[in-house]
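>>> Provided below are the primary sequence and the corresponding predicted coordinates.
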Amino acid sequence: TDSKNSGPRGTEEADSAYPGLSEELAVIATPYEKRFATRAVQMGLLSREDVQRLYRERAGRAGEATLPPFDEWLVETGALTVDGRARIVAAVEVEIRSAPGTQAMGERESFARIAGYDVVGEIGGGGMGRLYKVFDPGLEKFLAVKVIAPERASDEIYMKRLHEEAKLASRIESPHIVPVIRYGREGDRHFSVMPFVEGDDLARHMAGRDAPLPLAEALGIVRQIALGLSSIHRVGIVHRDVKPHNIMIMPDGRVMVTDFGLARDLNVEAHLTTTGQILGTPQYMSPEQIEGRPAGVRSDVYSLGLTLYFLLTKRPPFDAPTTIQILDRQRHEPVPDPRPLNPTASGELLHLLRRMTAKDPEFRPASMDEVIAEMDRLKAGGRVRRLPVSRRALGIAAAVLAGVVALAGAGLVVEETFHFGRHTG
């Protein structure tokens, strides 16, 4: 063993010198292989000479289609034990995991591989399974992989929904959408691969703030969300789960829509949800979703309106101790006035918010493009469209007016002032 190179060294020196490889081989090795070789030498599991010899041998067989990744190949050749490889990969993971956006994983998971990618950490869970941050040695970049839980693999409807998610998202091209770049199966595990996006979801972004967003900033974020959703709708897809947790905001301020686990292709007649099944998040679901009626573009408009309210107040518009109570409020109560929590949320904004969150889909903007146009009009100081008076309110007004006329015809004087509110459902 080369004593100068096999002992512990500083991370900065190791990362720059890569003592496990000669200068010649360091040029052609991938970053992951360089890190792995460096740690193998530093931990005394391989000598520098052993690594040079083994890598040259592997380089000579580079044309073989079945050649496994470098670290697994070292185990196959007998140069490393399984335990030795695991220890090295765990050490390499510490370096890679220093990038933001991942949580620590357990010792067993830290050196796992998914579809040829090295698992770096678990990002979190969603409606379709667990989401992992992975490293692709071939592309030399981080990616995100969503994996369905093994115990759900036998659920045929669930599996079809995952496949639909991948197909739908792969058809969308927009700077405000996180695309799916690969879908596949590895043994019993089904997975989809997406770019790894640096940033926070809107829920975490708002949790780190002391106060709600100013009106201009909130509208800027919602406008970008609307642009992303517009690109989805143009190919005939409804997201159906628009909420702060499914919106990512990048360090540069760009906003991206993610998680198509509940998306439905409007061009497919055979729906993947059973009749009456509720899919979505109670605090941000439209009344028609709650009632089991078809969800369309205007359902996403409704959920986006509730997301706008959240940005303006730092709280969901409808909350309660139980899910049933939340759903009941969603169906029957108008969105609360945001002004007590954010004085900037006033004027024309209130009319747009009320239209977007109307209980009757027919009273909402017909498309995300209309929402964008209204926001641009609002930003320019213009007047946005008003929410029409509901049919129910018109009926009551007509009945009251008829009664007044009848009383007047009978010679009775009635002095009443009638106040008709705008339609709220």
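Here it is on my side, so go on.
>>> Show the contacting residues for L213.
206, 221, 311-312 (C-beta atoms under 8 Å, 6 or more residues apart in numbering). All C-beta spots, glycine's among them, are computed from the backbone N, C-alpha and C.
>>> Filter these down to the ones in helices?
206, 221, 311-312 (DSSP state H).
>>> Please check the residues you listed and keep the buried ones.
206, 221, 311-312 (16 or more other C-beta atoms under 10 Å).
>>> So L131 lies in a helix, does it not?
No - under DSSP: H, G, I helix; E, B strand; the rest coil, L131 sits outside any helix and is assigned strand.
>>> what's around it, how many residues?
Using other C-beta atoms under 10 Å, L131 is surrounded by 19 other residues.
>>> Roughly how far does it sit from F196?
Going from L131 to F196 by C-beta to C-beta, to the nearest Å gives 10 Å.
>>> where do the contact lists of those two overlap?
By C-beta under 8 Å, 6+ apart, the residues touching both L131 and F196 are A144.
>>> for this structure, what helix or strand is lowest in average pLDDT?
For the chain, using mean pLDDT, DSSP states H and E, the weakest element among its helices and strands is helix 3-6, scoring a mean of 33.
>>> any idea how far L349 is from E370?
16 Å.
>>> more crowded one of these two?
Neighbours per residue, other C-beta under 10 Å: of E370 and L349, the larger number sits with L349, 21 against 18.
>>> Spit out the contact partners of the more buried one.
Contacts for L349 (C-beta under 8 Å, 6+ apart) come out as 215, 219, 378.
>>> now the residues you listed as a markdown table including neighbour count?
Shown next, in a markdown table, are these (neighbours: other C-beta atoms under 10 Å):
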| residue | neighbour count |
| --- | --- |
| L215 | 20 |
| L219 | 20 |
| L378 | 18 |
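>>> and which of those residues is nearest E33?
L219 (47.7 Å; C-beta to C-beta).
>>> So for the helix or strand containing the closest one, what gets flagged as buried?
Assigned by DSSP states H and E, L219 belongs to helix 215-234. Within helix 215-234, the residues that qualify as buried are 215, 218-233, counting by 16+ other C-beta under 10 Å.
>>> Please verify my assumption that L306 contacts P287.
No - L306 is not in contact with P287 according to C-beta atoms under 8 Å; the separation is 11.4 Å.
>>> quick one, which of the two is more surrounded?
Shown here are L306 and P287; by other C-beta under 10 Å, L306 has more neighbours (24 against 19).
>>> ok, and the closest non-adjacent residue to that one?
Spatial nearest neighbour of L306, excluding adjacent residues (C-beta to C-beta, 6 or more residues apart in numbering): Y284 at 5.0 Å.
>>> what sits against the one you found?
The contact partners of Y284, by C-beta under 8 Å, 6+ apart, come to 241-243, 303, 306-307, 316.
>>> Quick check: phi and psi at it.
Backbone torsions of Y284, given as degrees, to the nearest 10, read phi -130, psi 20.
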